[in-house]
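>>> predicted model and sequence follow; I will ask about them next.
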Amino acid sequence: MATFARPTFSAKAYAAFRPTYPPPLFRTVLNYHQLPTPGSTLLDIGCGHGLIARYLRPNFKSVIAIDPSAGMITQAQQTTTDPAITFRQGSAEDLSFLSDGSLDMAVSGQAAHWFDYSKVWPALARVVRPGGTVAFWGYKDNVLVGAEQATVIMEKFVYGFGEVVPGVKGMGPYWEQPGRNIVRNLLRSVQFPEADWEDVKRLEHEPGEEGSEEVRWLRKTMKLGEVEGYLRTFSCFSSWKEAHPDVKSRADGGEGDILDIMWDHMIDAVPEWKAMGERWREIEVLNDWGTYILMGRRR
């Protein structure tokens, strides 16, 4: 998660291009929680720009939202007016600022793959009240439905370790591990300790497969220009840019960075896209992400 904490990381771009969470996801989580009691408190771990905290706030009296990135906290504070939401810089591993049994629910969206669970599980067991709940959810790589060849090229550039095209090596070495592999495996390696948690429920969806709305909750039609912007928020690309400071994107007046080259090959692979010429960014495509929801109740 160190990439998102770097001063060079753009929290505004992350907020603009990352997919939002749909109502079915929140319904699943709140139905599992069985609705909070009056005076209830929610903790949002790895809150980013505050999307989850703002959405869930009407269901709780107060929300505490933490993130290790100072830039994310600043972005969240600037876009949030509700005085019942408190943002502070902090990590999942250190919840010492919370008293025992003070939380009714703790959630984490697209951040739980970074946690050190040797510290997180004891911390959550201390601060979540008996009967309170924890819910983690997140997503992995999207597929471009109906554009399978373009998806294959995207996967090769994003995760390749050797040359993906002549003279260009993939961004595989620039992912922070083991976090990325953990989320690509839909958090299956993360298990609630049975001594402290019960009623554990896991929902997961592999991209491109069928499934109910409850498990296939992140599908979105986007313009290719929006997909391009989303890919530029990837942590591997941020690290790649730091390793190649002299390479500029075409948008910044350069000859093209690795994502510009990747899109050249993706556009060439789909005749309908190529026929659009310079207007390819206007084309709409359905994106389907792999997703998981992991929930447990404090004994």
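Looks like it arrived, so ask away.

>>> quick check: closest non-adjacent residue to the residue nearest the centre of the chain.
Nearest to the mean C-alpha position of the chain, counting by C-alpha atoms, centre = their mean, stands Gln110 at 3.4 Å. Leaving aside its sequence neighbours, Gln110 sits nearest to Gly138 (C-beta to C-beta, 6 or more residues apart in numbering; 4.3 Å). Placement of C-beta: from N, CA and C, glycine included.

>>> so for whichever strand or helix holds that neighbour, mean pLDDT?
Per DSSP states H and E: Gly138 is located in strand 128-144. Averaged across strand 128-144, pLDDT comes to 96.

>>> tell me the buried residues in that strand?
Across strand 128-144, burial judged by 16 or more other C-beta atoms under 10 Å covers 128-129, 132-144.

>>> which one of these is nearest Asp100?
Arg129 (8.7 Å; C-beta to C-beta).

>>> any idea how far that closest one lies from Gly39?
Separation of Arg129 from Gly39 (C-beta to C-beta, to the nearest Å) stands at 11 Å.

>>> next one: Gly101
Counting by C-beta to C-beta - Gly101 and Gly39 are separated by 13 Å.

>>> these two: who's more crowded?
Gly101 (13 against 9; other C-beta atoms under 10 Å).

>>> Leu286 is in contact with Leu224, correct?
No. Between Leu224 and Leu286 there is no contact under C-beta atoms under 8 Å: 11.7 Å.

>>> mind checking which of those two has more residues around it?
Legend: neighbour count by other C-beta under 10 Å for Leu224 and Leu286, higher for Leu224 (23 against 14).

>>> give me the phi and psi for that one.
phi -60, psi -30 (degrees, to the nearest 10).

>>> Glu228 too?
Main-chain dihedrals, Glu228, degrees, to the nearest 10: phi -60, psi -50.
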